[in-house]
Structure formats: structure tokens, C-alpha cells
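In: Give me the fold of what follows.
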Amino acid sequence: MLFAMKYDVLPVGAFDVNCCILWDDPAQAWVIDPGADSGEILEFLDTRGLQVGVVVLTHGHFDHISALNEILAVYPVPVYLHPEDAVFAFSSMNAMPPYYSSTARPATLMTGKKDEDTLACGGLAAKILHTPGHTPGGWCLYFEKDNVLVAGDTLFAGSVGRTDFPGGSMKKLEASLQKLKELPDNTRVICGHGPLTTIGAEKRSNPYL
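Out: Numbering: from 1, shown residues only. Just a heads-up that it's a prediction; the model follows:
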């Protein structure tokens, strides 16, 4: 049976993180950045008849990972995170009480992927683009076949992620943005917060690009 990529974005938590759910084969959906509101995420999956095949974290900040273990309690699937962000993501320092507690390190965590590797699941394949700057291990997922980039907090519509947190670097972020500028202008961009955009729109109007 042939499928076509579908996706939806659920703003979750106190900072309206864009939890992105993508699927081709409904039995192996991707959940990206389950930052909060696990009940809402699980309800979305259930009402659309989706099963989770993989969870991916674009970076390790608490607002992007805090519902992770609630999702894994229902779907004990592999979780992918860059190794540099795995160093701090599950520590007690990565929290903001009372809104976000620290997140326990999941048993299914995978940290072996690196820049230019491919991650495939359920008929979808993404090239991993390591884009440090907001965090040391931030990465974007480029679904070239489907013309979609999941950018995390590397790129926003009209802006970029902050670099004043521990491990942030404006110099590294600038280099990461140059990498994204090489993508086709019609690439649809799902940002970590806020509205969706395209690479072309950001090249025309985003002062950071």
C-alpha cells in the first residue's frame, strides 16, 4: 500500500512548543518534540488511528522533552537525540519549576546519529542536519523527498533561537543558518515555536539569513 506524508503541529506547554506529528504509514508515526500536554498528543494519535514508531528530539531543552516519558509509557519506541544535548537534557538543571520538572533519561534513548546521517521509519526518511548554536547538539530533520524541514529552535519565522543559554553560540548558529540557506527555497519549515514558513520566505525577510 502506498501512502503520502501527512503532518500536523500541536502547540504544547507554557511556551507553545510545536510538537510535530508526521506519518506515512499510520502504524509508524513520528512524534517530534513532545514538550508537554501528553494527554493532548496521545488523544491526537488515537483519534487519527496512529501508532508511534519513533520519537525525535530536535534539542534537549525542557520545553521540548517534558512529555517524553508519558508518550513512551504508551509507545516504548526509540528516542533520538544528539549526544551533545543528551549530556544535559536529563539532568536536574534542565527544568523550570513549577512549570517543567526535570525529565528522566529514557531507556530507549539513541544518541548514535550524527550530521548527514539518515533516520528512517514508516516510509519516511530524514537527513539529520546538525545545527548547533541554540544548543550544542541541536539538529534539524530534512525530509527531502517530502520537501519539509523540521527546524526545532534553529530557525523561526522572522527570527532564530536564542543563544544566551548555556552552550549557546551565535557564531555556531550563523554557520548553521548558512547550511539551511542551501536548501531549496520552496522547502516548508516547521519551526520549534510559532508559525510555519519556507526557506525562501526567510531568505527574503529574516535578518539573520
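
In: When you work out contacts or count neighbours from here on, use the C-alpha atoms and nothing else.
Out: Will do.

In: who's in contact with residue 174?
Out: Counting by C-alpha atoms under 8 Å, 6 or more residues apart in numbering, residue 174 touches 133, 208.

In: per-residue confidence for it?
Out: If you check residue 174, the pLDDT there is 97.

In: Equivalent analysis for the one 5 residues further on, please.
Out: The predicted local confidence for residue 179 comes out at a pLDDT of 96.

In: where's it, which helix or strand?
Out: Per DSSP states H and E: residue 179 is located in helix 170-181.

In: tell me the mean pLDDT for whichever helix or strand comes after that helix?
Out: Following helix 170-181 in sequence order, the next helix or strand is strand 188-191 (DSSP H and E). In this model, strand 188-191 has a mean pLDDT of 98.

In: Downstream of strand 188-191, the next helix or strand is which one?
Out: In N-to-C order, the element after strand 188-191 by DSSP H and E is strand 197-198.

In: and that following strand, which strands flank it?
Out: Strand pairing for strand 197-198, determined by DSSP bridges: strand 188-191 (antiparallel).

In: List the buried residues for the strand it pairs with?
Out: For strand 188-191, a neighbour-count test (16 or more other C-alpha atoms under 10 Å) marks 188, 189, 190, 191 as buried.

In: And for that strand, what's in contact with it?
Out: Contacts for strand 188-191 (C-alpha under 8 Å, 6+ apart): 18, 20, 147-157, 196-199.

In: Which ones among the residues you listed lie within helices?
Out: residue 199 (DSSP state H).

In: so where's the chain uncertain?
Out: 1-3 (pLDDT under 70).

In: in it, which spans are helices?
Out: For the chain, applying DSSP H gives helices covering 38-47, 62-65, 68-74, 83-89, 170-181, 199-205.

In: Which residues are in contact with the spatially most central residue of the chain?
Out: Of all residues in the chain, the one closest to the mean position by C-alpha atoms, centre = their mean is residue 58, 3.4 Å from it. Applying C-alpha under 8 Å, 6+ apart to residue 58 gives the contacts 32, 33, 64, 81, 138, 139, 140, 141, 151, 152, 153.
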